[in-house]
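Dropping the sequence and predicted coords here.
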Amino acid sequence: MSIFNLHAAVLDDYRDLVRSFFSIADDRARDDVERALVAVWIEVHPASTSEVTTLLNKLRWLKTWLKERAPALYKLTASQSYYWLATRGVHIRQGSPQARQLRLAGLSLPRKRVTL
């Protein structure tokens, strides 16, 4: 499995902006998506209601960066390829206003484990 740290790759150009999602490219994913390579984006972050705005800002930045600066990666990214990996438990209830915000932005509730 290869892991590419987006943060390190764009640090000089975007020092003052929000960034930290990790991309994971895995050849095993080809079997699940008609033999095409896919990009998956994972943010490792505390999962509480007070952090939802921070995550949404990071997600917005990532999607904009992909569209404008990395179109090849954008093409590899399916709409459900963004994950929030909780660092200290999940403290956002399903059905809460914060969960709705996440869902509308295309991000599921945070999880303790991401299985690809």
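Received the coordinates, thanks. Computed from a prediction, not measured in an experiment: that's the story for all the values here.

Regarding the residue nearest to Lys67 when sequence neighbours are not counted, what is its secondary structure?
With sequence-adjacent residues excluded and distances taken as CB to CB, 6 or more residues apart in numbering, Lys67 is closest to Tyr74, at 5.4 Å. For glycine as for every other residue, the C-beta is placed from the backbone atoms N, C-alpha and C. At Tyr74, secondary structure determined by DSSP: H, G, I helix; E, B strand; the rest coil is helix.

least trustworthy helix or strand in the chain by mean pLDDT?
Scoring the helices and strands of the chain by mean pLDDT, DSSP states H and E places strand 2-5 at the bottom, with a mean of 46.

Give me the buried stretch members for whichever helix or strand Gly89 is part of, please.
In this assignment (DSSP states H and E), Gly89 forms part of strand 77-91. By neighbour count with 16 or more other CB atoms under 10 Å, strand 77-91 contains the buried residues Thr77, Ser81, Tyr82, Tyr83, Trp84, Ala86.

where along the chain do the helices fall?
According to DSSP state H, the chain carries its helices in the segments 6-10, 52-69, 71-76, 97-104.

Pipe the ones you listed into a markdown table and attach distance to Leu116 per row.
Formatted as a markdown table, the helices of the chain follow (distance: least, CB to CB, whole Å):
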| stretch | distance to Leu116 |
| --- | --- |
| helix 6-10 | 17 |
| helix 52-69 | 18 |
| helix 71-76 | 14 |
| helix 97-104 | 20 |
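
Out of those, indicate the one that is most buried.
Highest mean neighbour count of the helices of the chain: helix 52-69, a mean of 16 (counted as mean count of other CB atoms under 10 Å).

circling back to that earlier point, mind saving the C-alpha coords of the strand holding Gly89 as CSV?
Taking C-alpha atoms only, strand 77-91 is exported to CSV below (Å, rounded to 0.1, in the frame of the first residue of the first chain):
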residue,chain,number,x,y,z
THR,A,77,-11.7,10.4,-6.6
ALA,A,78,-15.3,9.1,-6.4
SER,A,79,-17.9,11.2,-4.5
GLN,A,80,-17.8,8.7,-1.6
SER,A,81,-14.0,8.7,-1.3
TYR,A,82,-13.7,11.0,1.7
TYR,A,83,-13.4,9.7,5.3
TRP,A,84,-13.0,11.1,8.8
LEU,A,85,-11.0,8.8,11.0
ALA,A,86,-11.6,9.6,14.6
THR,A,87,-8.6,9.9,16.9
ARG,A,88,-10.3,9.7,20.3
GLY,A,89,-13.8,8.2,19.8
VAL,A,90,-16.7,9.5,17.9
HIS,A,91,-18.7,12.2,19.7
